[in-house]
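Asks: Need a 3D model of the sequence below.
(chains A and B)
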Amino acid sequence: MIINHPLLGPRDASEFTYLGDASLIDRPDWQSETAAQDFYEYQYLRDNPAGLHQELWFHESGDRSWLVVTRNTLTHEITDVQLARDVARARGRSK
Amino acid sequence: MRYSGLRVIKEALTGHKGWTPAWRDPDPQSQYDYVIIGGGGHGLATAYYLAKEFGQKKIAVLEKGWIGGGNVGRNTTIIRSNYLLDGNEPFYEFSLKLWEGLEQDFNYNAMVSQRGILNLIHTDAQRDAFIRRGNAMFLNGADAELLTTRQIKERYPFLNTNDARFPIKGGLAQHRGGTVRHDAVAWGYARGADSRGVDIIQNCEVTGFRRENGKVVGVETSRGYIGAGKVGCAVAGSSSRLMSKVDMRLPMESHVLQAFVSEGLKPVMPGVVTFGAGHFYCSQSDKGGLVFGGDIDGYNTYAQRGNLPVVEDVCEGGMAIFPAFGRARLLRMWGGVMDMSMDGSPIIDRTHIDGLYFNGGWCYGGFKATPASGFCFAHLLAKDTPHPTAKAYRFDRFEKGLMIDEKGMGAQPNLH
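Replies: Residues are numbered from 1 along each chain as shown, chains lettered A, B, ... in the order given. Below is the predicted model:
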């Protein structure tokens, strides 16, 4: 697989390590009354879809940036790549 | 029809006209007591033991393609019970004992071959860990033996014990481990279940569940609605897809594991060798092909095929310890989709919905578990209580902090 890095251009996927579903960006509020249940779901449960999947890849052998890659789990086709930082900020995170 | 040597001779003398199909091809009935979704090894074994051991009637196995066309036909056929943790080892030892009597039990030649499995050791720390594991195996009635490098060399003279990065310092052997003819496991269970009245319905995809008053009462399928007293799901690889139809999110990701077969060679590998440090393991099939594999690719996929970097990594691991295999040509390679659970261990449990039961999360170790998985799932379905060896395989273990994490990797499925 080739991941089209937003800053570095097309890079081989073997330069990256894989973390998992991009929902891991959305860390629950630890002060919420439902925090225990929220963290259980955050940590352990996954949608695991067959089809388009947004996921976190880390450019370990490159610029060490985190990316959000949109990839089809049935075909391995990658349709979108963004810096995870930009995605997190767009969702209201400070960094 | 019972298979025997006498039967073969009789058929040979009468022109082989007496053989009948090994199982029927029935149309689905409108209502069953038990509907098992998934006609793979685990689903067929579940139906078999439900009928044979638990005396249940009116059972159907629904399979969207053909039976044995999923992971039971795509694995590397190894059986073993060399686990460490209390939640796992009794279950896998129960499975290995069932393997040992399986062919007589279901009257089918599954070519169970206890040729032994050997885990290689490279450091003192690893030897300590394997001694601990061997002791855990003893405590649960399994067999284990710590071998020296010289003993290993007697069995595998062509093994490179002087690799610069991973010199071989010994190994943990389980002599009762080995290999099985994988397709024959599916066929044997199918035939055994069918002969006890189980309907095996192929080309029948489950498209949804019907619920009344919060209880599952049947399944919608590509061949119409089928009512069920209890529904058991055994579709590892596609578990998340199936359970999403009742809005369940599972503690697992689907990953691809690749496997490889070389051209046929004269007998060269007497048993199974695993080189965990190099992500490589290998055995030789009875046809002569070297059967080998390594790690999962490491990203979510349902594609049943992997990518080339892992192919290279697996072959490098093989070349490090078996340099001679570099002369063999690769015949086939393929991928199977694994339910990779959050702690590397499976789930056999009721769901929160009445009448709906789940079996999955087998990671890349489901084949060896086939008999015990079927037996324990049948136990759960018939008695509504878990089998003693499978009582740790619960859904709520993640919520309660009772993970069964053999590798100690945490909630990161691609590292198990």
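Asks: Model confidence score at A:R91, please.
Replies: Each residue has a pLDDT score; the one for A:R91 is 89.
Asks: ditto for B:T161
Replies: 96.
Asks: who touches it in this structure?
Replies: Taking Cβ atoms under 8 Å, 6 or more residues apart in numbering or on different chains as the criterion, B:T161 is in contact with B:T149, B:I152, B:K153, B:P167, B:I168. Every C-beta, even on glycine, is put in place using the N, C-alpha and C of the backbone.
Asks: isn't there a strand covering it?
Replies: No: counting by DSSP: H, G, I helix; E, B strand; the rest coil, B:T161 is not part of a strand but coil.
Asks: So what sits opposite A:R46 in the bridge?
Replies: For A:R46, the beta-bridge assignment (DSSP bridges) gives partners B:L250.
Asks: One more: B:Y357?
Replies: Assessed by DSSP bridges, B:Y357 has beta-bridge partners B:G232, B:R350.
Asks: Quick check: helices, which of the contacts of B:T161 are part of them?
Replies: B:T149, B:I152, B:K153 (DSSP state H).
Asks: Turn the contacts of B:T161 into a markdown table, columns for neighbour count and pLDDT.
Replies: As requested, these are arranged in a markdown table below (neighbours: other Cβ atoms under 10 Å in any protein chain shown; pLDDT from 0 to 100):
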| residue | neighbour count | pLDDT |
| --- | --- | --- |
| B:T149 | 16 | 97 |
| B:I152 | 21 | 97 |
| B:K153 | 14 | 96 |
| B:P167 | 14 | 96 |
| B:I168 | 20 | 97 |
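Asks: Could you state which residue of chain A sits nearest its centroid?
Replies: Nearest residue to the geometric centre of chain A (Cα atoms, centre = their mean): A:L56, 2.3 Å.
Asks: my guess is B:T77 contacts B:R181, does it?
Replies: Yes: judged on Cβ atoms under 8 Å, B:T77 makes contact with B:R181 at a distance of 7.1 Å.
Asks: can you count the residues close to whichever residue of the stretch 51-200 of chain B sits closest to chain A?
Replies: Residue of the stretch 51-200 of chain B nearest chain A, by Cβ to the nearest Cβ: B:K64 (13.3 Å). For B:K64, the neighbour count with other Cβ atoms under 10 Å in any protein chain shown is 20.
Asks: go on, the one 4 residues further on?
Replies: Applying other Cβ under 10 Å, we find 22 other residues in the vicinity of B:G68.
Asks: got it, and the one 5 residues further on?
Replies: Here the neighbour count serves as a burial measure; for B:G73 (other Cβ under 10 Å) it reads 17.
Asks: Check the one 10 residues further on too.
Replies: When neighbours are counted by other Cβ under 10 Å, B:Y83 registers 22.
Asks: Helix or strand: which one has it?
Replies: Applying DSSP states H and E as the criterion places B:Y83 outside every helix and strand.
Asks: Now do the SS call for the nearest residue to B:K58 once chain neighbours are set aside.
Replies: Once flanking residues are discounted, B:K58 sits nearest to B:D33: 4.1 Å by Cβ to Cβ, 6 or more residues apart in numbering or on different chains. Judged by three-state DSSP, the three-state class of B:D33 is strand.
Asks: B:D33 contacts B:A60, doesn't it?
Replies: No: B:D33 is not in contact with B:A60 according to Cβ under 8 Å; the separation is 9.1 Å.
Asks: what is in contact with the two at once?
Replies: Applying Cβ under 8 Å, 6+ apart, one finds that B:D33 and B:A60 are jointly contacted by B:A228.
Asks: Under a three-state scheme, what state does B:E312 occupy?
Replies: Following three-state DSSP, the label given to B:E312 is helix.
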